[in-house]
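Turn this into a structure:
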Amino acid sequence: MSRKFLSRRIATVPPSGIRRFFDIAATMEDVISLGIGEPDFITPAPIVQAAIKALEQGETHYTSNSGLLELRQAIAEHLERLYGLSYDPAEEILVTVGVSEALYLSLAATLDPGDEVIVPEPCFVAYTPEVIFAGGRPVVIPTTADENFQVTAGAISAALTPRTKALLIGYPNNPTGAIMERAKLEEIAALAEQHDLLVISDELYDRLVYGVEHVCFPSLPGMRERTILLQGFSKNYAMTGWRIGYVAAPAEIMELVRRIHQYTIMSAPTVSQYAALAALREGEPFIRSMVEEYDRRRRLIVDGLNNIGLRCFEPRGAFYAFPSIEITGLDEVEFAETLLREERVACVPGSAFGEAGRGYVRCSYATAYEKIEEALERMRRFVRRHG
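Okay, here's the model as predicted:
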């Protein structure tokens, strides 16, 4: 095939660094996966039953482009109750096919060719590619373990140019498990105001925090009108396969977000929307139960990694640990490949999440406690050989 048929912009984006390790692990037996960023819990029964009921009642047609009004009203009430935010369900909330679609819509609706978006790393693997897909230019800035992987206003300020239009942040963070302290977010908010920046805030893991309070960025003074909030159901409610998320933003921004959604998607899956509605109405006890179990695993894996010699800061959100592998003398790709081959433990090289992830690996604790115990023992043997 002639290369002239291919987009040079898209061709510059490499394939995901995560998938390759999952593909290798799938060919092996007795693998304990600390790699996949997906709850090991099944979707709570009331949510599943609501979806079944919707199907039985014939709810198999398109919904409004923006999603079921009843669901958007429930989302608005949810954000008001948790964060004191007020969004108009009719004009300022859009239901999407997961937060991945929400991210793309938000970037495509706001970026012109060459607009710069500041992206702190390590970050979710889709952030910089999606900026490129939308015609923008990602400007990456590193976060470090010394700062608990929190992005600072100073680092953002140093990266600003006349072409900077937006800041894309994701906390609680994938892959580090970091959260943002209110004081640091307030400094970033002041900077956004000063330089007239749009802020796209991915808060998919907002309910999965441990011993801290999540600060929702648009709830900060003056930030609602310059923030696009990305949210969803995949992680908090163990609903990854349902592919359901949402965007909340000022009506002027949402008009263009909705326009792209209309032409590319039409509407999010109807049955998943009914499941999401049940999640908001009945899911709270299940969230509390899952968070309690994740916290138990979190303490196990962080203590275990540090005891092995894989230095790990304390993650306070999501379900990831992000240990340094410096003690082994291996780089992060060699570490992950050799650990998988020798000890049948799968983790993800930190560099899959950006240059700032070099020297680290991501270990998900969204797996059974007993499997984490066994994985830690296997990793202990591995570090003894290579450390």
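
which residues does the residue lying closest to residue 325 once chain neighbours are set aside contact?
Excluding its sequence neighbours, the residue lying closest to residue 325 (Cβ to Cβ, 6 or more residues apart in numbering) is residue 335, at 4.7 Å. From N, CA and C alone the C-beta is placed, and that goes for glycine too. Listed by Cβ atoms under 8 Å, 6 or more residues apart in numbering, the contact set of residue 335 reads 325, 328, 349, 361.

ok, so of those residues, who is nearest residue 133?
Of all the contacts of residue 335, residue 133 sits closest to residue 349, with 23.1 Å by Cβ to Cβ.

Return the backbone torsion pair for that closest one.
Dihedral pair for residue 349: phi -60, psi 140, per degrees, to the nearest 10.

in the sheet, who's paired with it?
residue 361 (DSSP bridges).

Check the gap between it and residue 337 for me.
The spacing between residue 349 and residue 337, counted by Cβ to Cβ, to the nearest Å, is 8 Å.

between the two, who's got more neighbours?
residue 349 (25 against 16; other Cβ atoms under 10 Å).

And the helices in this protein?
Applying DSSP state H to the chain gives helices spanning 8-11, 19-26, 45-56, 69-83, 98-110, 127-133, 153-159, 182-195, 251-264, 270-282, 284-308, 332-343, 369-386.

same for the shortest one, what does it pack against?
This points to helix 8-11. In terms of contacts (3 or more Cβ pairs under 8 Å, 6 or more residues apart in numbering; DSSP states H and E), helix 8-11 is packed against helix 127-133.

what packs against the helix it packs on?
Using 3+ Cβ pairs under 8 Å, 6+ apart, helix 127-133 sits against helix 8-11, helix 98-110, strand 116-121, strand 137-142, strand 164-170.

ok, 6 Å please
helix 98-110, strand 116-121 (3 or more Cβ pairs under 6 Å, 6 or more residues apart in numbering; DSSP states H and E).

got the contact list for it?
By Cβ atoms under 6 Å, 6 or more residues apart in numbering, the surrounding residues in contact with helix 127-133 are 13, 103, 104, 107, 117, 119, 138, 168.

Could I have the PyMOL command that selects the buried members from these?
Selection command for PyMOL covering only the buried members of those, criterion 16 or more other Cβ atoms under 10 Å:
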select buried, resi 103+104+107+117+119+138+168
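
Return the member of the contacts of helix 127-133 nearest to residue 342.
Among these, and counting by Cβ to Cβ, the member closest to residue 342 is residue 13, at 31.8 Å.

surely residue 220 meets residue 189?
Yes. Using Cβ atoms under 6 Å, residue 220 is in contact with residue 189, at 4.6 Å.

chain center to stretch 70-83, what's the gap?
Stretch 70-83 sits 20 Å away from the centroid of its parent chain (Cα atoms, centre = their mean, to the nearest Å).

thinking again about what came up before, for residue 158, find the nearest of the helices and strands packed on helix 127-133.
strand 116-121 (10.0 Å).

Relative to the whole chain's centre, how far out is that closest one?
15 Å.

Who does that strand pair with, and is each partner parallel or antiparallel?
strand 137-142 (parallel), strand 164-170 (parallel).

returning to that earlier point: could you dump the helices and strands packed on helix 127-133 to CSV with mean pLDDT?
Shown next, in CSV, are these (pLDDT from 0 to 100):
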stretch, mean pLDDT
helix 98-110, 98
strand 116-121, 98
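
out of those, nearest to residue 134?
Closest among the helices and strands packed on helix 127-133, using Cβ to Cβ: helix 98-110, at 3.8 Å.
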